[in-house]
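Asks: I'd like to go over a predicted model; first the sequence, then the structure.
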Amino acid sequence: YTVLGLLCFLCLFFFYILLINATRTHFEIQRGFSLLPGRSLLTNLKSVLANANIPVLSGIRNSLLVSALSALLSVYFSALTAYGIHAYDFKFKKLAFTFILLIMMMPTQVSALGFVRLITKMGMADTLAPLFLPSIAAPVVFYFMLQYMEGNLPMEIVEAARIDGSGEFSTFNRIVLPILKPALAVQAIFTFVNTWNNYFTPALVLSSSGKKTLPILIAQLRSADFLKFDMGQVYRRREGLSGKRLRLQHKRRRRRIRQRVRRRIFYFCAGAVHIRGRARHTITRRMRRRAGRTAPPAAGPTQKRSE
């Protein structure tokens, strides 16, 4: 129980921090970690919802729609494919299974260009359909379903249903699917979470702001410019200060950053010049020493007399 309690604490602790940061301002989050909530939850929520450039509500709606449809289509058609491989014997059964496993080993980025060209020619660009229709063919879910069927689905039940006059789809929907409920639930959760967090495919397909999913909107909210980045908006909030005060604080931040950058560049250049001068002086001294060692000795008075 101690280990389970520790694991539960670790899992729920980050959700607690997420809720706490949603009630704090941007500068309060920058100050450091805190276990106590702030007082800016409603202000932050109103600020995010009032942002016309980032429609958060439509993004949540689109993400829910795409994730739910992807989970449903993925688990149903993957279970149907696994049932066909498990329950039937046909000529190219092993070849089909090997082909599906090879598709599972192919990364998404390899086929991304061809996928974009295909949906553009089909007139499905900037729509939500290309985000959930490809989940019908999910090799990973298929492999998990097949392994679960091999251990938990006896063929005697299927044969008894056939003897009683049940059709193939009726047998699958009324008998096989209830047996696969644990596997269906697990894979539905995994597929829903992966689709919800997916950023790569929606960024390639969607262009209009009203159809973008939540990960794209969060990326736009964070912005590429760190000077304009407001951590509080990511936690559904923004600092409840006036516009003038915000501009003054941003100007001060930019001024401090510029001063630091200039100072570092100055120190770097000064240090480089100093090191270069010392190195040149050291090389000159070494050359003089070597020249003094290799030079022939001067002629003495005895040599001049003998000459």
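Replies: Yep, that arrived.
Asks: can you tell me how far A71 is from F115?
Replies: 20 Å (Cβ to Cβ, to the nearest Å). Backbone N, C-alpha and C define where each C-beta goes, glycine included.
Asks: settle it for me: which of these two has more neighbours?
Replies: Using other Cβ atoms under 10 Å as the criterion, A71 and F115 rank with A71 on top: 24 against 16.
Asks: my guess is the more buried one contacts V193. True?
Replies: No - if you go by Cβ atoms under 8 Å, A71 and V193 don't touch, sitting 9.1 Å apart.
Asks: need the pLDDT of I163.
Replies: The model reports I163 with a pLDDT of 91.
Asks: give me phi/psi at it?
Replies: When read as degrees, to the nearest 10, the backbone of I163 gives phi -60, psi -40.
Asks: could you do the one 3 residues further on as well?
Replies: Note on S166: its backbone torsions stand at phi -80, psi 140 [degrees, to the nearest 10].
Asks: so who does it touch?
Replies: Residues near S166 by Cβ atoms under 8 Å, 6 or more residues apart in numbering: R174, I175.
Asks: now it: how far from I175?
Replies: With Cβ to Cβ as the criterion, S166 and I175 are 8 Å apart.
Asks: now do L118
Replies: From L118 to I175 the distance is 37 Å (Cβ to Cβ).
Asks: and these two? Which one has more around it.
Replies: Using other Cβ under 10 Å as the criterion, L118 and I175 rank with I175 on top: 15 against 12.
Asks: residue contacts, the more buried one?
Replies: Contact analysis of I175 by Cβ under 8 Å, 6+ apart lists I157, V158, A161, S166.
Asks: and the pLDDT at the first one?
Replies: This points to I157. 91.
Asks: helix or strand for it, which one?
Replies: I157 is located in helix 155-163, with elements delineated by DSSP states H and E.
Asks: same question, G38
Replies: Under the criterion of DSSP H and E, G38 resides outside all helices and strands.
Asks: and for it, the neighbour number?
Replies: Neighbour tally, G38, other Cβ under 10 Å: 18.
Asks: check contacts around it.
Replies: Listed by Cβ under 8 Å, 6+ apart, the contact set of G38 reads I20, T23, R24, T25, E28.
Asks: let me see the contact set for the first one.
Replies: Right, the one you point to is I20. Counted by Cβ under 8 Å, 6+ apart, I20 has contacts S34, L35, L36, P37, G38.
Asks: now, the most widely separated pair of the residues you listed?
Replies: By the measure Cβ to Cβ, L35 and G38 form the most distant pair in those, at 11.4 Å.
Asks: where does the stretch 201-307 of the chain dip in pLDDT?
Replies: 222-254, 257-258, 261-307 (pLDDT under 70).
Asks: let's see that with 80 instead.
Replies: 220-307 (pLDDT under 80).
Asks: if we can go back for a sec, most widely separated two among the contacts of G38?
Replies: I20 and T25 (12.2 Å).
Asks: now I157: closest residue in space that isn't a chain neighbour?
Replies: Spatial nearest neighbour of I157, chain neighbours left out: I175 (6.2 Å); criterion: Cβ to Cβ, 6 or more residues apart in numbering.
Asks: ramachandran coordinates for the one you found?
Replies: Torsion angles, degrees, to the nearest 10, at I175: phi -120, psi -50.
Asks: separation between G5 and F13?
Replies: 12 Å.
Asks: typo on my end, I29
Replies: Counting by Cβ to Cβ, the gap from I29 to F13 is 17 Å.
Asks: do the same with M155
Replies: Note on M155: its distance to F13, by Cβ to Cβ, is 46 Å.
Asks: swap in S58?
Replies: From S58 to F13 the distance is 31 Å (Cβ to Cβ).
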